[in-house]
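Chemist: sharing a model that was predicted from the sequence below.
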Amino acid sequence: MAEPITMIMLATAAVSAGGQILGGIGEKKSADLNAFNIETDKKLNKVQAMQESEARRADYDLATASNIAAFAAMGRAQSDNSVQAFLKRQRKTFGEDIGRAQMQTAIQSRKSDIAASTERRRGRNTLLASTISAAGTIGQGVMDYDRVR
């Protein structure tokens, strides 16, 4: 029968290993939650970008209507070449603005995907490291037990 001190040594190694594993599990859950939050922010950013795009569209439509009315008040027909050139330039500018906004949204979305993936990987790596460390702690405990008994 083993002496009480050796049993305490084994129990201490087991408790320490358990704590290491639980710490890794906690870190993985934390990383998963962080990744979820990143993905939620990504969705919110996408919605915000769509709302901003719609607001730009409404502003463009309002400005175009105002410009057409102003041209009409000056006695210039919408079919006038300079009016057409002005409206065409405004459409082009609006299209470029929307294109830049969409590109920025796509870039931000990709960055969010990478951040979420990195966070999940961090959690998995921490869990793996804690499991390996726990195995080392158990091995050390067994070696200490063999030396003492």
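Modeler: Ah, there it is.

Chemist: quick check: buried residues in stretch 17-34?
Modeler: Buried residues in stretch 17-34, counted by 16 or more other C-beta atoms under 10 Å: 17, 20-21, 23-24, 27-28, 31, 34. In short, each C-beta sits where N, CA and C put it, glycine included.

Chemist: hang on, I meant stretch 91-98
Modeler: For stretch 91-98, a neighbour-count test (16+ other C-beta under 10 Å) marks F94 as buried.

Chemist: ok, and what's touching stretch 5-19?
Modeler: 134-135, 137-138, 140-142, 144-145, 148-149 (C-beta atoms under 8 Å, 6 or more residues apart in numbering).

Chemist: mind listing the strands for the chain?
Modeler: Using DSSP state E, no strands are found in the chain.

Chemist: okay, now the unreliable bits of it?
Modeler: Residue ranges of the chain with pLDDT under 70: 1-2.

Chemist: please, where are all the helices along it?
Modeler: With DSSP state H, the ranges of helices along the chain come out as 4-73, 81-148.

Chemist: not counting its neighbours along the chain, what's nearest Q78?
Modeler: I68 (5.8 Å; C-beta to C-beta, 6 or more residues apart in numbering).

Chemist: got a list of what that neighbour touches?
Modeler: Counted by C-beta under 8 Å, 6+ apart, I68 has contacts 78, 83, 87.

Chemist: quick check: the second one touching G75?
Modeler: No: taking C-beta atoms under 8 Å as the definition, V83 is not a contact partner of G75, at 11.1 Å.

Chemist: just want to know which of those two has more residues nearby.
Modeler: Neighbour totals were compared for V83 and G75, and V83 leads with 18 against 7 (other C-beta atoms under 10 Å).

Chemist: wait, what's in contact with the more buried one?
Modeler: V83 makes contact with 68, 71, 76-77, according to C-beta under 8 Å, 6+ apart.

Chemist: coming back round to it: and the buried residues of stretch 17-34, which is closest to D41?
Modeler: Of all the buried residues of stretch 17-34, N34 has the smallest distance to D41: 10.6 Å, by C-beta to C-beta.

Chemist: thanks a lot, catch you later.
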